[in-house]
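Chemist: Model the structure of this input:
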Amino acid sequence: MKFGKQLQFLSKEAWKQYYIDFVGLKRALKNYKRAALKKGQFVMHELQANDGTVKQEERATLDPDDEAEFLNLLEENVNKIEEFYLSKLEELQVQMTDITQFVSHGGEATPSFKKKVFDALLLIEDLLDYCHLNAVGCTKILKKFERHTTFPDREVVAEQIKSLNFISQMPALEKAKVIAKQCYTTAVKTGGAKGDKEMEELEQSVLAARSWKLNTILFQFDEHLGKAQLKKRTFHIKQLPLVVAVIVAMIVYFTPIFPEDKQPEQRCLALLAVAIVLWVSEAFPLFLTGIFIPFLVTVSWCVYVSGTNNVMIPSKAASFSLNAMWSSIIFLMLGGFSIAEGLKKYGIDKRIAVFVLHKKIFNTPLRFLFVLEVLCVVLSMWISNVAGPVICMTVSLPIIRDLPPHSQFAKTILLAIAVAGNMGGMTTPISSPQNAVAIQTVMALDPPQSINFAMFVIIQVPLVILLTIIGHFIVTLLYKPDIQQLPQMHADTSGPIPTKGYFVLLAACASIILWFCSQWLEAYTGSIGILSVIPIMLFFGTGLLGKAEFDNLPWTLMMLVGGGSVLGKAVQESKLLQLISDTVTTNIPTSNVYIMLVVFNVLMLIVSTFVSHTVSALILLPLFANVGAELGSPRTFVMCGVAVCCGTMVLPISSFPNLNSISLQDERGDPYLATTDFLKLGSIMSLLCFIGSITLTYGLCYIFGY
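Modeler: The predicted structure is shown next:
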């Protein structure tokens, strides 16, 4: 990995602005070299490669002004590093003076004294890292300066930098570490203890704090590496599923399923069959199938002009498809993901997690587990049930790594995160893609209906609370914790929240309040999607987030949801859903809403076990809405259906929280969890979610007139 990326991941979050601006210096050097080469100011230099070959390399002769400007930039960076180091050294000197004076007066090792020594040792380790990284950065940038230009005095500048305190005093920091440990041992012995055990506990505490930081860095690095690999990855088309999709389409298209006057419905059924095969088999990446659907809708001549029996011509169908693609729900998701990016960029998400999970009251396994589950539900509720489980995995990873070999508690933690992530995914319209699909589905009805943000939360949260509590007891019953005390865990949250971080929190809270009030604001804004432009503008328009964060938004997921919206709208406007609904309600000899609800939720339970939650919602929720509309309760059908969809977790592939938990491996490369773990726990939780949906969720929908 290049040093610029190493510096990004290894630097202390609260001190980031005080490190060498290595990337900026490298960019400036590149610009000065380019300007000199354009003027023909260079000499050729022979450079011997590792294999012994000699090659010619251009070395630029910079203009005196450019050379002086670069050296000034370097000097500004070095002075910034030196000033910050001296300010932190002053803090350390105050801490060391307190420690040594306390010991010299015969003080015993009280908890407050132990905390002082711990803080001092942690600061020393952070300063050593800080000095080392900046020293390496200065050396590397000077080497680049020498290699790319004819600057002759690199050694002189290097010696000047080496004489500065942040490099020359590194041995003194090591000595201060020894003194702090000696003082601690003396104070412990003064209290009557031998000191060896206490010193070992202190060193383990410092190591645990460093381990937490390292695990967080490794997680960020893995995330970065995954994104980099994804950019390089070439998606391969799966030929066999593609052939199957074509064959299925031909069979459905040419088999006389419907009467002659229902050909648009037949073509739409063929289109639906193709989409299902492509999504389930992943012949194309899921998002690519989503993008492909507007094309299929346009060329299939399957959509009626609204209120008539005339089929839309392709030019009209194209406008219809693209309008459906960029629906209100896409903007709602954009707003939610913008909030998530803001919280992540300024470290607010991790601060919330660390603040909760590092309280001493939660240092027993059962308490920690319950708080971890609640935290995962809350984060999933207001960020997404993708980010929530990932954040909880990050903060609990040091505990998992420090558990005794073969401890069952690692499974307990990972399964608890999976349960909480799935339950949290059904709480708000922004917590999971299937919820967004649910709202879009009822909006696509004729006449359109709505489920406002507040009512969605009010109906779903009681079931989530109930299932989270029951899930906690089931997880701890099936995978009883086999330790009495958690390994000590410390986190680096010593730095203050940046000013922009407070604005992020304010903007996030304001956006959530607006979403809650969307029902009363529709007269002024039109829809919740337009309201969602506000958080997007607050974050990107004020500079809190930039182009990089905008590029990092999950556009593939939004393309998938957008394609599902187009498919749902096409199935609706082709009158296929109406035809299927009439057939279903005619052949199932009952008009009882509740019996039909139970039957359709059984169907959702089966499908979402073997197909991902999002794809299950895209395929089935439009049918739920239409059958529900026939029986006068479309919103009840959709709310109950999406609850079952979110809560099904029988297989690892069923949802992202499941995949997130099963992906973690031990030091030998073996996963902590197996498919049988999900079969055992997931079957119980899925059944309970199904029962809760057709009782509690149905009852609340009935009470609120849904």
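
Chemist: Can you mark which positions in stretch 498-513 are buried?
Modeler: The neighbour-count check on stretch 498-513 (16 or more other Cβ atoms under 10 Å) flags 498, 501, 503-505, 507-508, 511-512 as buried. C-beta here means a position set from N, CA and C on the backbone, and glycine is covered the same way.

Chemist: wait, I meant stretch 618-637
Modeler: Under 16+ other Cβ under 10 Å, the buried positions of stretch 618-637 are 618-631, 633-637.

Chemist: Mind checking the pLDDT average for it?
Modeler: Across stretch 618-637, pLDDT averages out at 83.

Chemist: Now it - C-alpha only, PDB.
Modeler: Taking Å, rounded to 0.1, in the frame of the first residue of the first chain, the C-alpha atoms of stretch 618-637 are listed here in PDB:
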ATOM      1  CA  LEU A 618     -39.400  -6.500  -5.200                       C
ATOM      2  CA  ILE A 619     -41.200  -9.700  -6.400                       C
ATOM      3  CA  LEU A 620     -44.000 -10.200  -3.900                       C
ATOM      4  CA  LEU A 621     -45.000  -6.800  -2.300                       C
ATOM      5  CA  PRO A 622     -46.700  -5.500  -5.500                       C
ATOM      6  CA  LEU A 623     -48.800  -8.700  -5.400                       C
ATOM      7  CA  PHE A 624     -49.500  -8.200  -1.700                       C
ATOM      8  CA  ALA A 625     -50.600  -4.600  -2.400                       C
ATOM      9  CA  ASN A 626     -52.900  -5.500  -5.200                       C
ATOM     10  CA  VAL A 627     -54.600  -8.500  -3.500                       C
ATOM     11  CA  GLY A 628     -54.900  -6.300  -0.400                       C
ATOM     12  CA  ALA A 629     -56.500  -3.600  -2.500                       C
ATOM     13  CA  GLU A 630     -59.100  -6.100  -3.800                       C
ATOM     14  CA  LEU A 631     -60.000  -6.900  -0.200                       C
ATOM     15  CA  GLY A 632     -59.900  -3.200   1.000                       C
ATOM     16  CA  SER A 633     -56.600  -3.500   3.100                       C
ATOM     17  CA  PRO A 634     -53.600  -2.900   0.800                       C
ATOM     18  CA  ARG A 635     -51.500  -1.200   3.500                       C
ATOM     19  CA  THR A 636     -52.200  -4.000   6.100                       C
ATOM     20  CA  PHE A 637     -51.000  -6.600   3.600                       C
END
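
Chemist: Run the chain-centre distance for that stretch.
Modeler: Counting by Cα atoms, centre = their mean, to the nearest Å, stretch 618-637 is centred 31 Å from the centre of its parent chain.

Chemist: How about stretch 181-191?
Modeler: That offset, for stretch 181-191, works out to 45 Å (Cα atoms, centre = their mean).

Chemist: Return the subset of the buried residues of stretch 618-637 lying in helices.
Modeler: 618-630, 634-637 (DSSP state H).

Chemist: which sections of the stretch 451-600 of the chain are below the confidence cut-off?
Modeler: 485-495, 516, 518-519, 557, 577-578, 580-582, 584-591 (pLDDT under 70).

Chemist: all helices for it, in order.
Modeler: 453-478, 499-516, 518-525, 528-531, 533-536, 547-552, 555-573, 576-587, 593-610 (DSSP state H, counting those that start in this stretch).

Chemist: For these, state which one has the densest average packing.
Modeler: Sort these by mean neighbour count, taking mean count of other Cβ atoms under 10 Å, and helix 555-573 sits at the top with a mean of 24.

Chemist: after the helix or strand bottoming out on mean pLDDT in the chain comes which helix or strand?
Modeler: Using mean pLDDT, DSSP states H and E, helix 196-232 stands out as the lowest-scoring helix or strand of the chain, at a mean of 54. Counting by DSSP states H and E, the element after helix 196-232 in chain order, helix or strand, is helix 239-254.

Chemist: which residues sit against that following helix?
Modeler: 266-267, 269-271, 273-274, 277-278, 281-284 (Cβ atoms under 8 Å, 6 or more residues apart in numbering).

Chemist: backbone phi and psi for Thr149, please?
Modeler: phi -130, psi 180 (degrees, to the nearest 10).

Chemist: If it is in a bridge, with which residues?
Modeler: Legend: beta-bridge partners of Thr149 under DSSP bridges are Ala60.

Chemist: which residues touch it?
Modeler: Going by Cβ under 8 Å, 6+ apart, the list of residues near Thr149 reads 29, 32-33, 36, 59-62, 67.

Chemist: Now do it, the pLDDT please.
Modeler: So, for Thr149, pLDDT stands at 86.

Chemist: go on, Leu173?
Modeler: 90.

Chemist: cool, and Ala283?
Modeler: 81.

Chemist: The contacts of Thr149, buried ones only, as a PyMOL selection?
Modeler: Buried residues among the contacts of Thr149 (16+ other Cβ under 10 Å), as a PyMOL selection:
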select buried, resi 29+32+33+36+59+60+61+62+67
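
Chemist: Tell me which two of the contacts of Thr149 sit farthest apart.
Modeler: Leu29 and Thr61 (13.7 Å; Cβ to Cβ).

Chemist: Which single helix of this structure contains the most residues?
Modeler: Max-length helix for the chain by DSSP H is helix 64-104.

Chemist: Distance from it to the middle of the chain?
Modeler: 36 Å.

Chemist: likewise stretch 460-478?
Modeler: 23 Å.

Chemist: ok, back up a step: farthest pair within the contacts of helix 239-254?
Modeler: Gln266 and Glu282, at 26.2 Å, using Cβ to Cβ across those.

Chemist: follow-up on the earlier one: okay if I get the buried residues of stretch 498-513 as JSON lines plus distance to Val593?
Modeler: Converted to JSON lines, those look like this (distance: Cβ to Cβ, whole Å):
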{"residue": "Pro498", "distance to Val593": "53"}
{"residue": "Gly501", "distance to Val593": "48"}
{"residue": "Phe503", "distance to Val593": "48"}
{"residue": "Val504", "distance to Val593": "44"}
{"residue": "Leu505", "distance to Val593": "43"}
{"residue": "Ala507", "distance to Val593": "42"}
{"residue": "Ala508", "distance to Val593": "38"}
{"residue": "Ser511", "distance to Val593": "36"}
{"residue": "Ile512", "distance to Val593": "33"}
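
Chemist: Contacts only, for the residue lying closest to Thr648 once chain neighbours are set aside.
Modeler: Once flanking residues are discounted, Thr648 sits nearest to Ser608: 4.2 Å by Cβ to Cβ, 6 or more residues apart in numbering. Ser608 makes contact with 616, 644-645, 648, 654 under the criterion Cβ under 8 Å, 6+ apart.

Chemist: if we take these, which one ends up nearest to Ala454?
Modeler: Checking the contacts of Ser608 one by one against Ala454 (Cβ to Cβ), the nearest turns out to be Cys645, at 21.2 Å.

Chemist: Distance from the chain centre to the helix or strand harbouring that closest one, please.
Modeler: Following DSSP H and E, one finds Cys645 within helix 634-647. Helix 634-647 has its C-alpha centroid displaced from the chain centroid by 25 Å (Cα atoms, centre = their mean).
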